[in-house]
Structures are given as C-alpha cells and as structure tokens.
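> Model the following, please.
(one chain, ligands or ions: 1)
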Amino acid sequence: MPSANGHAIYPGSFDPPTNGHLDVIARAAAVFSTVTVAVVVNPQKRSPYFVIDEREAMLRSCTARYENVRVGHFRGLLAGYVKEISADVIVKGLRVVSDFENEMAFAHMNRALTGVDTMFLMSDSSYSFVSSSLIKEVYLQGGDITRYVPDVVLEFMHNKRHVNGRI
Ligand code: PNS
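Have a look, this model is predicted:
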C-alpha cells in the first residue's frame, strides 16, 4: 500500500502494549510516512504498572520491524506534543461503540487546540475486547494472555511479577 506523506501520532498509555495496539501501529505505518507512538507519562486517574522506560522499551522492541515507526513520550496535554513534533494527524483505535463517546470529545478538543484532526481505525475484531487493564488483571490472576500481547510484553510481565513477588 502506498504511504501518504504525513506524520501520524498514535498516543496512549501502553501499560502494557497489546496486540491490539500493534495492529493499529502496523496499519497506520502502512498509510503514513512516519508514525510516532506517543506514551503518556502519567496515565490519568491511575498509577501505571510499568514505568515510562519499560513501556517505551516494550514498544521499541515490538515495532523495530517498522522503519517509519518511532517511539516517544509526553507529559501533560497531547496537544502540546502534537505541536512539538509537528504531527499532521492523530491516530486512535476504536474497539467498541462505547469508546466512541470519549474519543469524539477528545478529537474535537484536540482539533480545537491544534488544528490537527484525529483519524480512527476500527480495531481488528479479534482484539475488540482486549485492553491493557484486562490483560493485567487476567495475568495477575494467573490467566493465559499469550494470544493477546507480543512476546516481549510477556517477558516484561514475567519479570515484573518476579520482582513484585505476585502470584
Ligand atoms: O491508552 P489510553 O489510556 O486510552 O490513552 C489515553 C490518552 C493518553 C490518549 C489520553 O488520555 C490523552 O491524550 N492524555 C493526555 C492528556 C490530554 O491531552 N487530555 C486532554 C485530551 S483532549
């Protein structure tokens, strides 16, 4: 597929990245000339399970195959980082209809703040129920998450569990 000239930013908490995130990254990388995966430093209303360096390391590892994908992080408003890196478009994945309500408000606000539009990719149906929080919950209760996360994420989850001494 030919790449459009444009720099897309794909923001999120990525705590941890899932195969659903990777699917969106792969599809955005096929459309835009550059994709910056932007990790928010402090996800709102929750303390992250993985620190920013770990989340970036997991993303760098599982996106290494895409020459046009970069990984960065930002604090505060996404709009500030959009301007800082001169992104042309914000990319988000939509899993289910209930995602839409919040995302519509975010898209309007980000466009008002930056003039940059948000484009949505429908998540692959096989990942429509996959979220980072569900992955953590299932894993920490002993469930099998191997189908839903890249291998590197599984390694980080194992190491974190070992360090935290959980399960
Ligand atoms: O993976 P998530 O947690 O669904 O990602 C949400 C994220 C990071 C994209 C969103 O919370 C965000 O943009 N946070 C930065 C703060 C901000 O800009 N808030 C106003 C949005 S209009």
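> which ones are touching the nearest residue to Thr34 once chain neighbours are set aside?
Nearest residue to Thr34, sequence neighbours excluded (CB to CB, 6 or more residues apart in numbering): His7, at 4.5 Å. C-beta: built from backbone N, CA, C; applies to glycine. With contacts defined as CB atoms under 8 Å, 6 or more residues apart in numbering, His7 is in contact with 32-36, 85-89.
> As CSV, could you dump the C-alpha coordinates of stretch 130-149?
Provided in CSV are the C-alpha atoms of stretch 130-149 (Å, rounded to 0.1, in the frame of the first residue of the first chain):
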residue,chain,number,x,y,z
VAL,A,130,-8.5,-6.6,24.6
SER,A,131,-7.4,-3.7,26.8
SER,A,132,-4.2,-3.2,28.8
SER,A,133,-6.2,-3.2,32.1
LEU,A,134,-7.9,-6.5,31.3
ILE,A,135,-4.6,-8.1,30.2
LYS,A,136,-3.0,-7.1,33.6
GLU,A,137,-6.0,-8.4,35.6
VAL,A,138,-6.1,-11.7,33.8
TYR,A,139,-2.3,-12.2,34.0
LEU,A,140,-2.0,-11.2,37.7
GLN,A,141,-4.8,-13.7,38.5
GLY,A,142,-2.9,-16.5,36.7
GLY,A,143,-4.7,-16.5,33.3
ASP,A,144,-3.1,-17.1,29.9
ILE,A,145,-2.5,-13.8,28.0
THR,A,146,-0.1,-15.2,25.4
ARG,A,147,-2.5,-14.6,22.5
TYR,A,148,-3.1,-11.0,23.3
VAL,A,149,0.4,-9.5,23.8
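> so where is the chain shaky, pLDDT-wise?
By pLDDT under 70, the low-scoring segments of the chain are 1-4, 45, 165-167.
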